[in-house]
Structures are given as structure tokens and as C-alpha cells.
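> Give me a 3D structure for the following:
(chains A, B, C and D)
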There are 2 protein chains.
Amino acid sequence: MTIDFLWNGRARPTRGPKPTLSLERIADAGIAIADAEGLDAVAMQRVAADLGFTKMALYRYVAGKAELVALMVERAIGEPSATDTTDWRTALKEWAHQLLAAHLRHTWTLEATLGPRPIGPNELGWMEHALSILPTTGLTGSERLDTIAVLAGQVRAIAQQAMVSRHPEGDITAKISDQLRRHSDRFPALVATMAAAATDGEHDQAFEFGLDRILDGLDTLITQRGS
Amino acid sequence: MTIDFLWNGRARPTRGPKPTLSLERIADAGIAIADAEGLDAVAMQRVAADLGFTKMALYRYVAGKAELVALMVERAIGEPSATDTTDWRTALKEWAHQLLAAHLRHTWTLEATLGPRPIGPNELGWMEHALSILPTTGLTGSERLDTIAVLAGQVRAIAQQAMVSRHPEGDITAKISDQLRRHSDRFPALVATMAAAATDGEHDQAFEFGLDRILDGLDTLITQRGS
DNA sequence: TTATTACTGTGTACCCTAGACGCAGTATCT
DNA sequence: AGATACTGCGTCTAGGGTACACAGTAATAA
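Residues are numbered from 1 along each chain as shown, chains lettered A, B, ... in the order given. Sure thing, here's the model as predicted:
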């Protein structure tokens, strides 16, 4: 597996016909399909058809589907926009919100970024940005990397949750709570908690809640190390 | 999409030949394949062949591949084993470790549990267990649910990280740090942090680190609410 | 006992996917 | 011009999920 294409692009050859397509157009076509119908709908066939070409034409640009998806991710996730905050806590919060927004705009990036795969400059750009925000004193290098991992984990967890609750047809959530009611003796705490949650009017605060807990815990450690 | 099969099983009909196979055997065959070769290797063809049947025989037991995977997940994830700790913090930590272990035993469960899908009793059993541990005072219902989400997010984040670093062939990590070195001017904080992490000898502490931050933050909130 | 019914396992068929390969046409360099 | 090397396409293979019809079998109804 090579990851060169993500970093250095393709060297434009001098001879022969000029390419009609471009990596950008191909990636954008794939992104449009994935946004509208999910990652499974992204087939070489389909992407090519949307562009008005045959699928084999795409193989002149990308080595295979995995490479296409990697390009799509890289383009969809983009770069974090700079913040002017000096406070590390609010800056990290802003970063997490931006990352969440990116994942919510393209929920398929969750599936596309699972497991071992080529990672491009934009994705590392997000890490770079977060690390440039984190205070360097009070945390070891490993701890700083681990901090990014917790935060990104929270972002992904909430993005996934939103993906489920956003899903309208079939209404799986209803069916589950239906089974839950039918087996309420087996899940007393769960039933009670969901009943309580239904009336406490604090919905859609999951992201903020988790984020605040993580940042609180981080703050505790940093101030403790600082003294 | 129905989820009945996960909760109530199949009603055994009285007439006709007795089934030679069972949902358990089929799920186990699928799990064995996924453990050894990944979720992509789980094809109806392959599962049936491993059991000594034709693929169409499986459709007498499961409605389709999605249902097969749901059964595999439910069986692979199992139930959390009870803890005798009364301290909520250590009990939650134990719970998270158990969940992580389950995901590490079957890394494909990460892909298999993405997005809207039928959820079975075992999966809710993990939630139930965590909720039965959490102190009911000091947190609203929504907050208790959100707490599970953060913790599960951390578990998944680390499981995914382990999945990548476990992957031996190709050694993507090496290629990435190669590109990183080549573009070190663009990622100064990242390069510096990784260099620092390489010498601080705190590897593989990512799970504990994030978990401790989350629990610290939770502790802060709970004690604060308690007074 | 026999006829009916309902179930199991299988063979065949269809459609969709990723991708290998070779060919025709075209733009550049020698 | 001729050679070279590139683009886009048509064809082909291997494999995936699944619909459907058929033969065999076990339990029920007549």
C-alpha cells in the first residue's frame, strides 16, 4: 500500500492526450454520492457514470477503490480553520466542535476512517492543530498524543450517535425501546434512566457533557503538574 | 428492518425435517472467520462452506447478511461479568476494561457496530451494567447516558488505535512518519511531540490516560453536585 | 394407512461489484 | 514523419448477495 498519491499528487506526464478528468472532480463526485446515499453507494461504476465516463477511465486516475476513498476522506475532512484564542481549553473545545461538524457534514467519514489505511496531510493537519494548542508544559509527549485520542474518540462517538438518531426510516430506536419495554425486568437501570432522561429536557447535550468532563479532567492534571 | 430475531429467536416449527444447523453454529463460524481474516472475509459462501453446506442453506436460518453480522456481534460481545466493587469509579474502570477486552478479542466488532442497525440484548446489557454502577444522585438521566457514551467512545478509540498498531504487514505507520519527516516544516508540533513521545517511555498508556481524565472530570462534577 | 402440509437443503439464475487487459485514438518528442 | 506514451473505452473474469423453484422429509389430517 502506497500513500504517496495523498501527499505528492501525480506527476503530470508531458506526452499524450491531456486528461479530461482530475482527482478533484473524481473525489467530489464520490463525496456527493456518499453524502446523499452513503458510502456503499460509491461504486466505480456510479462515480464514473455521474461524471459521464466509463468506470475504467477512473483507473487512469486512481489505483483502486481504496485510493479513491482515501482521496474523498482527505478532501471532505479538509483543514481546521485557525482560532485566535490563547486559552488552551476554549481552543481545544473549538477544535473539537470543528471536527464534529466536519464528521456530521460527511457521516461516511466514520466508516471510511476505520482500521489501518493511508493517512493524508489534512488528517495530520488536524492533529497538528490540536497539538499546537495543547500546553507543552505539564504533559509528556505521549500524554499529549493520548489527549488527542480521547478528544477524537468523543467526537466520533457523538457523530455516530447523531448518525443513528438522524436515520428516519425504519425508526430502529423505536423498535429497540419497544423490546426494552417488553424485557424491562432485565434492564431496570436502563429503563429507569431513559424514563428520567425523557423528562429532564437535556437532550443533545451529549457532546458538550463529555467534552466538559474530559477537559475538566485534563485541567485537573495540568494544574496539578504545574505546581 | 426487524430486530426480533435478536431478542426472541426463531419459533421452532413442528413439521418438516429438523434443522441440521443452528443460529449459534452459524454465528460461531462467522466469528471464527472474522477473527482470523477480518469482516470482509465473511461471505455467505465462505461461512456455509466452513460448515459444510451451500450458501443458500444459510438463508433458511438468517434473513440476510446484515442479520448474520448482527448475530455475530451479539454473540461475540457477550455479557459483562459482574463486579463486586462498591466504588463506582473502580467499577466503571473495570467495566471499560472488560469492554475494551471484548473489542480487542474481536476487532471487527468496531466496523460491525457502526451506524444504524438492530441492537440486541447483550449490547444493551453492557449499558445496563454501566448504568447500574453509576451513582444515581448527582447526575440527571441524560447525563448518565452521556457518561456511557464518553466511556464507550474512549474504548472504541483505543480499540481502533490498537487495530492499527497491531497491523504488521505494509507497516503504514512507518510510511506515514516517513512522509511526516519529509514535510516536517508543515507539522512542527506533531514532529516535536512524536519525538518527545519516542523517549518518554509511556507507551500503551493511552487507554488509562484517557479513562482517568474522564473519570476525574466525572468525579469533579459528582462531588460538586453532591454538596 | 394414506394424503396433505410444511419444512429443509440445493441448484440455478440474476444483477452488481472490483479490477486485468488490450485496442484505438491522440498529443508530444526525436 | 516516426516513434513514443498517454487517455479513454470495450471486453472479460471472479466473486459477492439473494430470489426462486424443486426434491426430499417429517409431522399432521383424513
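> which stretches of chain A have low pLDDT?
Scanning chain A for pLDDT under 70 picks out A:1, A:169-170.
> show me where it has helices.
All helices of chain A, identified by DSSP state H, fall at A:4-8, A:23-37, A:44-51, A:55-58, A:65-77, A:88-105, A:109-112, A:121-133, A:141-166, A:172-182, A:188-199, A:206-226.
> Tell me the residues of chain A that contact DNA strand C?
When proximity is defined as CB under 7 Å from any atom of the strand, chain A approaches DNA strand C at A:14-18, A:42-46, A:55-56, A:59, A:64-66. Where C-beta positions appear, they are placed from N, C-alpha and C, glycine not excepted.
> ok, of the residues you listed, which come out buried?
Among these, those classed as buried by 16 or more other CB atoms under 10 Å in any protein chain shown are A:42, A:44.
> Report the entries of the residues of chain A next to DNA strand C that also contact DNA strand D.
Counting by CB under 7 Å from any atom of the strand, A:15-18, A:56, A:59 from these sit close to DNA strand D.
> Please report how far residue A:91 lies from DNA strand C.
Here the criterion is CB to the nearest atom of the strand, to the nearest Å. By it, residue A:91 lies 39 Å from DNA strand C.
> show me the contacts for that residue.
Residue A:91 makes contact with A:83, A:85, A:133 under the criterion CB atoms under 8 Å, 6 or more residues apart in numbering or on different chains.
> can you pick the most crowded of those?
In terms of neighbours by other CB atoms under 10 Å in any protein chain shown, those top out with residue A:133 at 21 neighbours.
> picking up where we left off before, and which of the ones next to DNA strand D among the residues of chain A next to DNA strand C is nearest to DNA strand D?
For these, the closest approach to DNA strand D (CB to the nearest atom of the strand) belongs to residue A:16, at 2.5 Å.
> quick one: that closest one and residue A:57, what's the gap?
The gap separating residue A:16 from residue A:57 is 14 Å, by CB to CB, to the nearest Å.
> can you check residue A:100 too?
Using CB to CB, one gets 36 Å for the distance from residue A:100 to residue A:57.
> Residue A:133 too?
From residue A:133 over to residue A:57 (counting by CB to CB), the distance is 43 Å.
> again with residue A:161
Counting by CB to CB, the gap from residue A:161 to residue A:57 is 39 Å.
> for residue A:82, same thing?
38 Å.
> Residue A:89 now?
50 Å.
> residues in contact with residue A:189?
B:128, B:131-132.
> Can I get these in CSV including distance to residue B:115?
Shown next, in CSV, are these (distance: CB to CB, whole Å):
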residue, distance to residue B:115
B:128, 22
B:131, 23
B:132, 27
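> Pick the one among these closest to DNA strand C.
Comparing the contacts of residue A:189 against DNA strand C with CB to the nearest atom of the strand picks out residue B:128 as the nearest, at 32.2 Å.
> For the closest one, list the residues it contacts.
A:186-190.
> between those, which is closest to residue B:174?
When those are compared for distance to residue B:174 (CB to CB), residue A:190 wins out at 44.4 Å.
> Stretch A:137-144 near chain B at all?
Yes - Stretch A:137-144 is in contact with chain B by CB under 8 Å from any CB of the partner chain, via A:140-144.
> Can you list the buried residues in stretch A:136-152?
Going by neighbour count (16+ other CB under 10 Å), the buried part of stretch A:136-152 is A:138-152.
> cool, stretch A:214-227 as well?
Buried-residue list, stretch A:214-227, by 16+ other CB under 10 Å: A:214-222.
> domains for chain A, by residue range?
What the record gives for chain A is the domain set A:4-77, A:88-226, from automatic domain parsing.
> Need the winner for burial among the ones you listed.
Looking across the domains of chain A with neighbours counted as mean count of other CB atoms under 10 Å in any protein chain shown, the highest average goes to domain A:88-226: a mean of 18.
> Report the distance from that one to the chain centre.
10 Å (CA atoms, centre = their mean, to the nearest Å).
> Compute the first-to-last residue distance for that domain.
End-to-end span of domain A:88-226 (CA to CA, to the nearest Å): 15 Å.
> Ok, stretch A:176-192 next?
OK, stretch A:176-192 end separation, CA to CA: 15 Å.
> follow-up on the earlier one: how about the domains of chain A, which one is nearest residue B:203?
Minimum separation from residue B:203 across the domains of chain A (CB to CB) falls at domain A:88-226, 6.4 Å.
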